[in-house]
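In: Fold the following for me, if possible:
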Amino acid sequence: MIRVVAMSACLAVVSAGHALAQDTAKPDVAKGQAVASQVCVACHMADGNSAQPENPKLAAQFPEYLYKQLTNFKPQGSAKPERENAIMAGMTANLSDADMRNVAAYYAAQTLRPAAAQDKALVALGQKIYRGGNPKTGVAACAGCHGPAGAGMPKQYPRISGQFAQYVESQLKAFRSGARANDPNGMMRGVAARMTDSEIKAVAEYTAGLR
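Out: From the prediction side, this is the model:
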């Protein structure tokens, strides 16, 4: 009886370890490429370098951030997604958790072809806010979380350097209005709520040129 119990315990430990290994399995980039070529390519291009400024560049973004956004877009039964977007809800509806991890890993491994800043006057103001914030209105410096070069911080803050100015502007305004509310602890909503339209546009222009 003792041997049987011991054997059962060993099998339970092995099974649990096997399940954990499956849960933490390394993403399959090749499978992620297949998903990207079938589901994502029309808006984000095959390599994640979108040609349309309303669609973000995904190339070289942190896989953890991409995975989080995909899970936030994905419909969950009758509940509203954490990040509401009719197009992305449709795109993610039939993706499994493994699909999302795989495609996130694939796009993260691609080389970013960065956007560029166009307006020197806006860049000057954007640089000032990005690096030092606006102490008078309580706007925090973007560099504090996203880094001096916009490289972000894995698992916490996304890379924003070289992103389309139009996209960054639209997301800051969405955070400000509350239309986008999937930021941890409301951090981005708190910052954007204090920003004017001109400050948002300037910061967006500056980040497009960051390297």
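In: helix or strand right after the helix or strand bottoming out on mean pLDDT in the chain?
Out: Least confident helix or strand, the chain: helix 2-23 with a mean of 44, by mean pLDDT, DSSP states H and E. Downstream of helix 2-23, the next assigned helix or strand under DSSP states H and E is helix 29-35.
In: and that next one, what does it pack onto?
Out: When contacts are defined as 3 or more C-beta pairs under 8 Å, 6 or more residues apart in numbering; DSSP states H and E, helix 29-35 packs onto helix 97-108. Every residue, glycine included, has its C-beta placed from N, CA and C.
In: I'd like to know which elements the helix it packs on is packed against.
Out: Helix 97-108 packs on helix 29-35, helix 63-73, going by 3+ C-beta pairs under 8 Å, 6+ apart.
In: Now the element after that helix, going C-ward?
Out: Next in sequence after helix 97-108, counting helices and strands by DSSP H and E, comes helix 120-132.
In: Buried ones in the helix or strand following that next one, by neighbour count?
Out: On the C-terminal side of helix 120-132, the nearest following helix or strand under DSSP H and E is helix 143-146. Using 16 or more other C-beta atoms under 10 Å as the burial criterion, the residues of helix 143-146 that qualify are Ala143, Cys145, His146.
In: Need the residues that contact helix 143-146.
Out: For helix 143-146, the surrounding residues in contact (C-beta atoms under 8 Å, 6 or more residues apart in numbering) are Tyr130, Arg131, Gly133, Gly152, Met153, Gln156, Tyr157, Pro158, Arg159, Ile160, Met187.
In: Just name the closest of those residues to Ala116, please.
Out: Ala116 has its nearest neighbour among these in Ile160, at 14.3 Å by C-beta to C-beta.
In: what pLDDT does that closest one get?
Out: Looking at Ile160, its pLDDT reads 98.
In: again, but for Ser198
Out: Per-residue pLDDT puts Ser198 at 98.
In: quick one: buried residues of the helix or strand hosting it?
Out: In this assignment (DSSP H and E), Ser198 forms part of helix 197-209. The neighbour-count check on helix 197-209 (16+ other C-beta under 10 Å) flags Glu199, Ile200, Lys201, Ala202, Val203, Ala204, Glu205, Tyr206, Thr207, Ala208, Gly209 as buried.
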